[in-house]
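[1] give the three-dimensional model of this entry:
(chains A and B)
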Protein chains: 2
Amino acid sequence: MRANVSFITLGVTDVAASTSFYQALGLVTHPRSNEHITFFDMSGQILGLFSAASLAEDAGLGPRSEGFGGIALAHNVATEEEVQKLIDLAVAAGGSQLRPASEPPWGGLRGYFADLDGHPWEVACNPGITIEQDGSVSF
Amino acid sequence: MRANVSFITLGVTDVAASTSFYQALGLVTHPRSNEHITFFDMSGQILGLFSAASLAEDAGLGPRSEGFGGIALAHNVATEEEVQKLIDLAVAAGGSQLRPASEPPWGGLRGYFADLDGHPWEVACNPGITIEQDGSVSF
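    Just a heads-up that it's a prediction; the model follows:
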């Protein structure tokens, strides 16, 4: 296995509504999106929005469970001010705040929001993480 | 929000065991990993393995639910032969096969495995997706 995650697919209830949510956060849909699936080009990786039921079926799994699914995505930002600002934007777009911008024990500032289907996103400003010009991170 | 997912954190039961699992698939741990968290540098993105309970607490969520959490990760490979080979490697390392290499309605070849905590990974060979030299994908 090479060191790449090619796609992250979020199972959602309503692809159109979730697409609008992520567009409101600033993401741009890929032209190969269609009514069944939305693609966002995440700089060399694709973020997909697909019916949770169809995703479960394709993966050979039962229906999605309620509650925390055990995976969190994180979006690192360059300044502390951007942390709460992005969480507020997510809430304005119909998401929910899970944790306001606050200091974790390991330094920096982070908060969490959930998208329309409860998928958790951490928004973090961490001085120990370098964000490159193209948005990739290293430390 | 810029078009980047900085971190993907998988909530796991046993960080050491899960670290061994992903190492067996070929990933290399980042030197800043410690007993509480493992980091893999995924070419500009970090994949983390962290206690599911600690991740839930940090995100302000209840404990992880049983069953499908609603997110699937995918690793695209260059040849059809590599699809079942990587699934077999995952099974040999203690994971499970969710779906053997087979043809989805949209073309190409894909299968799924689950890691030690049931997180689903699709392994796909899709001729419509270009895999760059650094492993990033575009279409």
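[2] quick one, what contacts A:A74?
    With contact taken as CB atoms under 8 Å, 6 or more residues apart in numbering or on different chains, A:A74 is in contact with A:W121, A:E122, A:V123, A:A124, B:V5, B:S6, B:F7, B:I8, B:T9. No exception for glycine: its C-beta is placed from N, CA and C like everyone else's.
[3] that one: what secondary structure?
    strand (DSSP: H, G, I helix; E, B strand; the rest coil).
[4] which strand residues bridge it?
    Per DSSP bridges, the residues bridged to A:A74 are A:E122, B:F7.
[5] where's it relative to B:P100, distance?
    Going from A:A74 to B:P100 by CB to CB, to the nearest Å gives 32 Å.
[6] buried set for the helix or strand hosting A:E57?
    Counting by DSSP states H and E, the element that carries A:E57 is helix A:52-59. Judged by neighbour count (16 or more other CB atoms under 10 Å in any protein chain shown), helix A:52-59 contains these buried residues: A:A52, A:L55, A:A56, A:D58, A:A59.
[7] check what pLDDT the third one gets.
    To tie it back to what came earlier, the one meant is A:A56. Model confidence at A:A56, given as pLDDT, is 98.
[8] check which helices and strands the helix or strand hosting A:G48 sits against.
    Remark: A:G48 resides in strand A:46-51, with elements defined by DSSP H and E. Packed against strand A:46-51 by the contact rule (3 or more CB pairs under 8 Å, 6 or more residues apart in numbering or on different chains; DSSP states H and E) you find strand A:7-12, helix A:15-24, strand A:37-41.
[9] for the single nearest residue of chain A relative to chain B, which non-adjacent residue is spatially closest?
    Closest contact between chain A and chain B, by CB to the nearest CB, is at A:G69 (2.1 Å). Nearest residue to A:G69, sequence neighbours excluded (CB to CB, 6 or more residues apart in numbering or on different chains): B:G69, at 2.1 Å.
[10] surely the one you found touches A:P63?
    No - counting by CB atoms under 8 Å, B:G69 sits too far from A:P63 to count as a contact (11.4 Å).
[11] counting neighbours, go ahead and name the busier of the two.
    B:G69 (26 against 13; other CB atoms under 10 Å in any protein chain shown).
[12] list phi and psi for that one.
    Dihedral angles of B:G69 (phi, psi; degrees, to the nearest 10) stand at phi -90, psi -10.
[13] ok, it - contacts?
    Per CB under 8 Å, 6+ apart, neighbours of B:G69: A:R64, A:S65, A:F68, A:G69, A:G70, A:I71, B:H119.
[14] which single one of those residues is nearest to B:A16?
    The closest of those to B:A16 turns out to be B:H119 (CB to CB; 16.6 Å).
[15] need the contact list for the closest one.
    Shown in contact with B:H119 (CB under 8 Å, 6+ apart): A:G70, A:I71, B:L10, B:G69, B:I71, B:L73.
[16] got phi/psi on it?
    Per degrees, to the nearest 10, the backbone of B:H119 is at phi -70, psi 120.
[17] and it, what pLDDT?
    Note for B:H119: predicted pLDDT of 98.
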